[in-house]
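Sequence plus predicted model, see below.
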Amino acid sequence: MKKYHIKILKRSLQDIDELIEFISETYKAPLTARKYAEGILSTIQSLNKYAESIPVSTRKTIVEKYGNNVRRINYKKHAIIYNVQGNTIVIQRIIVGSLIK
């Protein structure tokens, strides 16, 4: 089985931080915010087992921003946008799935 190195780009880490802050401040639920972030990170780690089995996205808005080999996996209402580059999974963004047109 192929093993991947996972690289989370700075913008994706900022996405997680902003999400934690939003949930903590808006809903006054810091524990929920941390658990949600842990769920996202766990989903990212699980890509190590099957990253290339997720189909390449054909959505024009995603392909234009992140390239031809872009893929998407969901965690609850968020989309984790990533590319596979050789043995590396590059996490591009973590965004609200409904914002993707």
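Good, I have the coordinates. If you're wondering where the values come from, they're calculated on a predicted model, not measured in any experiment. Numbers count the residues shown, from 1 in each chain.

And the pLDDT at the residue lying closest to I40 once chain neighbours are set aside?
Once flanking residues are discounted, I40 sits nearest to Y75: 5.0 Å by CB to CB, 6 or more residues apart in numbering. No exception for glycine: its C-beta is placed from N, CA and C like everyone else's. At Y75, the model reports a pLDDT of 98.

and what of E18?
97.

elements contacting the one helix or strand it maps to?
If you go by DSSP states H and E, E18 is part of helix 10-26. Contacts defined by 3 or more CB pairs under 8 Å, 6 or more residues apart in numbering; DSSP states H and E place helix 10-26 against helix 30-50, strand 88-96.

from the chain's centre, how far out does stretch 29-40 sit?
Counting by CA atoms, centre = their mean, to the nearest Å, stretch 29-40 is centred 15 Å from the centre of its parent chain.

Please apply the same query to stretch 7-21.
With CA atoms, centre = their mean, you get 9 Å for stretch 7-21.

Please spell out which residues along that stretch are buried.
Within stretch 7-21, the residues scored as buried using 16 or more other CB atoms under 10 Å are I8, S12, D15, I16, L19, I20.

mind putting the residues you listed in TSV, distance to T61 included?
Below are the buried residues of stretch 7-21 laid out as TSV (distance: CB to CB, whole Å):
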residue	distance to T61
I8	22
S12	18
D15	17
I16	22
L19	21
I20	26
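
Just the mean pLDDT for stretch 25-33, thanks.
In the prediction, stretch 25-33 has an average pLDDT of 97.

now that stretch: how far from the chain's centre is it?
20 Å.

cool, and stretch 65-85?
With CA atoms, centre = their mean, you get 6 Å for stretch 65-85.
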